[in-house]
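**Student:** following is a predicted model, sequence given first.
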Amino acid sequence: MATIDSFRAARWLRTFNLVLQAILFLTFFGGLNYVARNRPWRFDLTRQHKFSLSPETLSYIKNLPRPVHVVITLLEDNDNPDVHGLLDEYAYATAGNPAGKITIEFLDVYRNRRRAEELGVDQADILTLVAGDKRRVVLINDLFTVKNKQREAFQGEQVLTAALLDVSSPGRQKIYFLVGHSELRPEDADAARGLSALRDQLKLRNFDVEAVDLGVLRKIPADASLLVAVSPRNRYAPAEQELLRQYLGARAGRLILFLAPGLSTAALGLESLLLDWGVLVHDDIIHDTGPENLADNQDLQIWAFLPHPITKTLLDYQAKLTIGLARTVMPDPGRALGSGLNTVTIAATSKTAWGERDFRPGVPARYDPGIDTRPLPGIDPPDRLGLIVASERLGVRDNLPFSVPGGKLVVFGTGDLVSNARIDNSNLAVFLNAVNWSVERDHQLNIPPRPIERLKLSLSASEFMKLRYTLLLGLPGVALLLGLLVHWTRRS
């Protein structure tokens with residue numbers, strides 16, 4: 001009987017021991033998960049620290065004034081681990097700040113149409129940042145620097161941090177389109193004369209858009225971040241000219257002008273203003289004899305771009321602009337140098353183009369030496385006529401050794417580049433870049449881009465055959481030898 005009791009006690013003791021081990025095992029891993037959840041330690045062991053946010057970004061996003069919801073609409077066949085990893089880091093960094101928390105949502109706009117309509121998202125491969133009634137759209141391609149149509153470096157942290165700061169701020173930048181001189185208007189849906197598609201794109205990017213008639217209002221609104229005039233056809237009154245001059249000069253304002261050919265800048269009343277900013281606009285119509293520079297409908301195709309924030313997208317993707325009638329725009333050769341004014345040509349024609357000055361109907365276009373416009377020596381780019389010029393004024397304040405940003409002016413030598421009928425990807429990109437450069441949305445944070453690591457395995461035919469036979473015969477052969485060795489050892 002005592003033996004039976006001893007066996008029973010031993011069985012209960014073993015059972016209690018097993019239960020205790022299970023409890024200890026569960027509490028140990030439960031404690032580890034609790035510590036990992038509430039006191040996590042994270043180590044980025046990658047060479048480029050691709051899964052770590054910079055101290056500058058952390059200092060910004062940990063103090064966001066309100067929550068930001070990021071909707072990402074990547075297609076399933078577009079694998080972007082850099083984008084996914086970066087978004088996770090933003091969400092993790094702000095998890096302890098409910099007032100400025102960043103949340104991430106992945107959305108398939110084709111399968112979940114109801115949710116896409118709720119968020120107002122109808123395009124794949126974009127990031128939409130939403131904070132209250134403000135939103136900002138970032139293209140996936142904007143997160144990478146591109147060289148020869150291949151992604152070279154990942155600059156997502158720069159772009160996303162700047163976008164987060166913009167969308168989380170309470171105010172919106174306002175763009176005013178000048179009207180009252182037969183300009184193209186943002187509320188007009190007409191294909192040739194309307195800018196409604198452009199207006200929608202600007203609103204999608206968190207800009208407020210309004211029209212203003214300086215002849216009626218007699219002042220430039222105090223909240224104007226940027227003025228845009230698209231193809232004016234009537235003269236600006238002297239009072240309006242002075243308003244624009246004061247806005248660009250004393251208020252360091254920003255202005256984008258689209259000037260169609262057929263009416264001189266003197267007739268528009270803008271000649272003095274443009275010359276003050278080192279911009280010379282010719283009264284001509286550009287013609288080109290090169291068939292590779294003409295579209296099927298004889299529109300000009302522009303390929304020559306100089307490095308500048310406005311042309312960065314076009315250079316990265318080797319894109320082209322398709323424009324209608326255009327005129328020559330170039331830096332004024334007689335402008336005063338060393339005055340803090342930086343005027344550069346950023347887009348130009350081919351070397352076979354000239355500016356035709358004879359507008360008589362029925363007269364065939366041909367180059368007349370000494371009459372028509374040809375490139376001037378010493379003006380970049382050489383042997384080409386300018387089409388887009390950017391001018392920026394930097395001033396030195398109180399003899400201090402640093403510059404103070406002044407006004408900015410961008411002049412396009414065409415009038416319908418952004419009309420509803422022409423607002424394709426390239427034309428829209430160059431305009432949006434001009435807007436971002438003008439209002440300084442393109443500022444680069446002190447965050448270096450990270451190179452994209454690519455692994456490439458190159459094998460010759462003989463090396464590939466050796467690898468095949470190694471995998472098919474070598475590894476099974478090693479396993480067979482080990483088995484024979486074990487068998488021989490046991491027998492001996």
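**Tutor:** Sure thing, it's come through.

**Student:** only C-alpha atoms for contact and neighbour calcs from this point on.
**Tutor:** OK.

**Student:** check contacts around the closest residue to residue 300 other than its chain neighbours.
**Tutor:** Excluding the flanking residues, the one nearest residue 300 by CA to CA, 6 or more residues apart in numbering is residue 294, at 4.9 Å. Residues in contact with residue 294 (CA atoms under 8 Å, 6 or more residues apart in numbering) are 288, 300, 301.

**Student:** can I assume the last one is in contact with residue 323?
**Tutor:** Yes: under the contact definition of CA atoms under 8 Å, residue 301 touches residue 323, with a separation of 6.6 Å.

**Student:** can you classify residue 488 by secondary structure?
**Tutor:** Using DSSP: H, G, I helix; E, B strand; the rest coil, the structure places residue 488 in helix.

**Student:** can you give me the neighbour number for it?
**Tutor:** By the measure other CA atoms under 10 Å, the count of residues near residue 488 is 10.

**Student:** for residue 273, which three-state class applies?
**Tutor:** Local secondary structure at residue 273 is given as helix here, using three-state DSSP.

**Student:** right, and it touches residue 245 too?
**Tutor:** Yes: Residue 273 is in contact with residue 245 according to CA under 8 Å; the separation is 6.4 Å.

**Student:** neighbour count winner among the two?
**Tutor:** Neighbour totals were compared for residue 273 and residue 245, and residue 245 leads with 20 against 16 (other CA under 10 Å).

**Student:** show the contacting residues for that one.
**Tutor:** residue 273.

**Student:** so how far is residue 209 from it?
**Tutor:** Residue 245 is 22 Å from residue 209, where distance means CA to CA, to the nearest Å.

**Student:** next one: residue 344
**Tutor:** According to CA to CA, residue 344 stands 28 Å off from residue 209.

**Student:** also residue 317?
**Tutor:** Taking CA to CA, one finds residue 317 at 29 Å from residue 209.

**Student:** what residue ranges in the protein score low on pLDDT?
**Tutor:** For the chain, the stretches flagged by pLDDT under 70 are 1-5, 39-51, 56, 75-79, 338, 395-405, 442-459, 492.

**Student:** centroid residue for it?
**Tutor:** Centroid-nearest residue in the chain, with CA atoms, centre = their mean: residue 142, separated by 4.1 Å.

**Student:** looking at this, that one is in a helix?
**Tutor:** Yes: counting by three-state DSSP, residue 142 is part of a helix.

**Student:** what sits against it?
**Tutor:** 156, 159 are the contacts of residue 142 under CA under 8 Å, 6+ apart.

**Student:** next, count neighbours for residue 414.
**Tutor:** Neighbours of residue 414 under the rule other CA under 10 Å: 24.

**Student:** now residue 470
**Tutor:** Using other CA under 10 Å, residue 470 has 13 other residues around it.

**Student:** next: residue 68.
**Tutor:** Close neighbours of residue 68, defined as other CA under 10 Å, add up to 25.

**Student:** any idea how far it is from residue 115?
**Tutor:** Counting by CA to CA, the separation of residue 68 from residue 115 is 17 Å.

**Student:** quick one on the thing from earlier: mind listing which of the contacts of residue 294 are in strands?
**Tutor:** Residues of the contacts of residue 294 located in strands (DSSP state E): 288, 300, 301.

**Student:** in the sheet, who's paired with the first one?
**Tutor:** Same thing as residue 288. Bridge pairing for residue 288 (DSSP bridges) gives the partners residue 353.

**Student:** what sits against it?
**Tutor:** 294, 300, 350, 352, 353, 354.

**Student:** ChimeraX command for the buried members of these?
**Tutor:** Command for ChimeraX that selects the buried part of these, burial taken from 16 or more other CA atoms under 10 Å:
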select :294,300,350,353,354
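
**Student:** for the contacts of residue 288, give me TSV that also has distance to residue 53.
**Tutor:** Putting the contacts of residue 288 into TSV (distance: CA to CA, whole Å) gives the following:
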residue	distance to residue 53
294	47
300	45
350	44
352	49
353	49
354	51
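
**Student:** need the next SSE after the helix or strand harbouring residue 104, C-terminal direction.
**Tutor:** Assigned by DSSP states H and E, residue 104 belongs to strand 102-106. The first helix or strand that comes after strand 102-106 along the chain, using DSSP H and E, is helix 113-119.

**Student:** contacts for that following helix, please.
**Tutor:** Contacts of helix 113-119 (CA under 8 Å, 6+ apart): 107, 108, 109, 122.

**Student:** if we go to 7 Å?
**Tutor:** Defining contact as CA atoms under 7 Å, 6 or more residues apart in numbering, one finds that helix 113-119 is touched by 109, 122.

**Student:** and stretch 357-374, by the same measure?
**Tutor:** 283, 284, 285, 354, 355, 356, 385.

**Student:** between the two ends of that stretch, what distance do you get?
**Tutor:** So stretch 357-374: terminal residues 11 Å apart, CA to CA.

**Student:** likewise for stretch 206-225?
**Tutor:** One end of stretch 206-225 sits 13 Å from the other (CA to CA).

**Student:** tell me which residues in that stretch are buried?
**Tutor:** Buried residues in stretch 206-225, counted by 16+ other CA under 10 Å: 206, 207, 208, 209, 210, 211, 212, 213, 214, 220, 224, 225.

**Student:** and stretch 360-369, by the same measure?
**Tutor:** Across stretch 360-369, burial judged by 16+ other CA under 10 Å covers 365, 367.

**Student:** next: stretch 380-390.
**Tutor:** For stretch 380-390, using 16+ other CA under 10 Å, the buried residues are 380, 381, 383, 384, 385, 386, 387, 388, 389, 390.

**Student:** now, these that are in strands?
**Tutor:** Per DSSP E, strands hold the following members of those: 386, 387, 388, 389, 390.
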